[in-house]
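Student: heads up, no residue letters with this:
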């Protein structure tokens with residue numbers, strides 16, 4: 001039978017050879033055609049309805065999926081008149097109508113297989129989509145689930161590779177794996193599709209219009225490798241064949257610098273029609289603004305995002321690249337803090353890791369390490385003082401076990417209910433709030449508190465590996481994810497999709513419109529998250545919340 005818990009993982013249209021696929025399609029066809037929902041009772045029991053044919057359901061389903069529900073972002077949908085009406089799937093993929101422009105990677109009849117390596121069966125069929133929830137508890141939830149176009153290669157193209165001029169830009173803070181994405185974008189464009197004009201834009205969004213000291217712009221040519229017997233790299237050219245083992249980004253990066261008109265002028269000046277932007281939420285807000293600008297000017301530019309943040313707080317996505325590497329580096333720092341804490345009487349080791357508004361790195365690194373006694377995240381408020389506050393719990397543990405290992409996310413200070421470290425709100429050039437440093441506060445305050453209230457001499461070691469996390473070279477897991485996302489990005493652009501980002505959603509590839517990934521709330525750790533509950537079981541920590549009767553005399557400003 002079909003387990004309802006896994007129904008939300010993938011609903012793909014190209015499954016007619018599988019009986020399970022026919023059952024799913026028949027069920028969806030019945031739902032969207034307005035027929036009885038009772039088919040789901042037989043679907044979950046593993047019985048096939050005799051009244052619904054899978055092929056007929058496919059036609060009904062394809063014709064009734066609206067643009068909004070499917071999350072599609074094809075060029076046909078850039079027309080304002082089309083945004084809110086139901087479209088036949090066949091009208092949403094221009095490339096399929098152009099039989100003269102087959103995908104050069106797909107094996108074609110009568111063509112040597114040695115020149116092509118993708119069988120047609122590996123291409124994404126028309127109408128294939130993924131959904132945004134992992135499990136459903138009712139038929140209505142399944143019916144209302146958002147759907148997103150599945151990412152992957154298509155059998156035919158929208159763009160002629162000979163007419164494509166692509167540009168790659170990295171924005172925001174650096175992150176493990178950016179160079180892998182750059183390399184694989186170039187490799188897929190060059191070797192997969194035959195694109196020969198690929199630019200790298202240096203220093204983020206401002207690189208589209210910035211003029212350097214030598215009176216040159218920030219555009220450089222990217223090539224896979226140098227020709228045989230060529231030793232000197234031509235000026236203004238960067239071969240990418242060996243950059244995947246390097247941390248950071250060879251193109252440089254920056255925060256802020258967004259100006260849609262100046263950026264558009266730089267794009268038009270270089271006759272670019274493909275933009276691949278690697279960045280986080282701020283970068284994608286910029287891409288959304290650019291898409292609106294080009295639409296108002298009726299200029300056809302393909303914009304594709306590749307989501308990047310080690311904090312792993314991008315909405316809708318399972319994981320962003322760089323996160324696994326950051327967790328791995330943080331885990332080694334925690335091991336060092338544990339050694340320091342256990343090497344002194346009343347030893348405390350504190351590690352602060354990145355996570356401005358989401359504590360995923362702190363949580364996962366603590367789970368992986370297993371020696372952490374306290375983990376502080378910005379999502380969960382806590383008290384510093386009082387009988388049930390953090391300080392008293394640390395004192396109790398030091399008396400019982402003589403050591404304590406603490407991991408705090410970068411934004412954990414925002415969760416302190418009875419202490420305010422600063423009245424000033426600071427922001428970086430991207431508009432992100434810069435959190436106060438909880439590590440420096442505890443380093444100063446905890447030994448004083450222990451001496452004054454418990455006559456204990458605490459040895460406090462503070463380790464801040466924040467920039468080591470983001471500057472590290474990517475590990476194998478992130479390299480794999482980066483390569484996959486880069487390939488999906490190129491496939492989407494060459495097939496004619498635009499104004500979307502590529503990502504992994506519920507373990508499957510998806511194309512997510514800019515307006516959805518920028519409007520959804522950030523991916524934060526929730527209290528009922530199973531990983532958070534596992535961590536609480538591992539550390540044994542309480543919530544550090546005093547009773548309602550606890551009234552601090554005043555907020556303490558440090």
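Tutor: That came in fine, so what should we check first? Quantities reported herein were computed from a predicted structural model and do not represent experimental measurements.
Student: so what's residue 148 bridging to?
Tutor: Beta-bridge pairing for residue 148 (DSSP bridges): residue 130.
Student: what's the spacing between it and residue 308?
Tutor: 19 Å (CB to CB, to the nearest Å). C-betas here are computed from N, CA, C, even on glycine.
Student: what lies in contact with the helix or strand residue 450 falls within?
Tutor: Here residue 450, judged by DSSP states H and E, is contained in helix 438-454. Helix 438-454 is contacted by residues 346, 348, 350, 352, 376, 384, 391, 394-395, 398-399, 406, 408, 412-413, 416, 419, 421, 456-458, 460, 462, 464, 558 when judged by CB atoms under 8 Å, 6 or more residues apart in numbering.
Student: circling back to that earlier point, quick one, which of residue 148 and residue 308 is more surrounded?
Tutor: Shown here are residue 148 and residue 308; by other CB atoms under 10 Å, residue 308 has more neighbours (31 against 26).
Student: now the more buried one: how far from residue 250?
Tutor: In terms of CB to CB, residue 308 sits 15 Å off from residue 250.
Student: same question, residue 283
Tutor: Going from residue 283 to residue 250 by CB to CB gives 18 Å.
Student: which one of the two is surrounded by more residues?
Tutor: Ranked by neighbour count (other CB under 10 Å), residue 283 and residue 250 place residue 283 first, with 28 against 17.
Student: contacts only, for that one.
Tutor: Applying CB under 8 Å, 6+ apart, we find residue 283 in contact with 171-172, 205, 277, 305, 308.
Student: name the nearest residue to it, sequence neighbours excluded.
Tutor: For residue 283, ignoring the flanking residues on the chain, the nearest one in space by CB to CB, 6 or more residues apart in numbering is residue 171 at 4.2 Å.
Student: number of nearby residues for the one you found?
Tutor: 30.
Student: ditto for residue 105
Tutor: 20.
Student: repeat that for residue 452.
Tutor: Counted with other CB under 10 Å, the neighbours of residue 452 add up to 9.
Student: if I look at it, how far off is residue 442?
Tutor: Between residue 452 and residue 442 the distance is 15 Å, computed by CB to CB.
Student: which residues in the stretch 451-558 of the chain form strands?
Tutor: Ranges of strands in the stretch 451-558 of the chain, per DSSP state E, counting those that start in this stretch, are 459-463, 500-505, 508-513, 556-557.
Student: any idea how far the residue nearest to residue 283 lies from residue 203?
Tutor: For residue 171 relative to residue 203 (CB to CB), the value is 9 Å.
Student: give me the common contacts of those two.
Tutor: 253-254.
Student: setting the sequence-adjacent residues aside, check what's closest to residue 212.
Tutor: Per CB to CB, 6+ apart, closest to residue 212 is residue 218, 6.6 Å.
Student: still on that earlier bit, state the mean pLDDT of the helix holding residue 450.
Tutor: Mean pLDDT, helix 438-454: 94.
Student: hang on, the earlier thing: pick out the shakiest of the strands of the stretch 451-558 of the chain, pLDDT-wise.
Tutor: Looking at these, the bottom one is strand 556-557 with a mean of 48.
Student: in this structure, which helix or strand is least confident?
Tutor: helix 39-43 (a mean of 32; mean pLDDT, DSSP states H and E).
Student: my guess is residue 276 contacts residue 184, does it?
Tutor: No. Using CB atoms under 8 Å, residue 276 is not in contact with residue 184, being 10.6 Å away.
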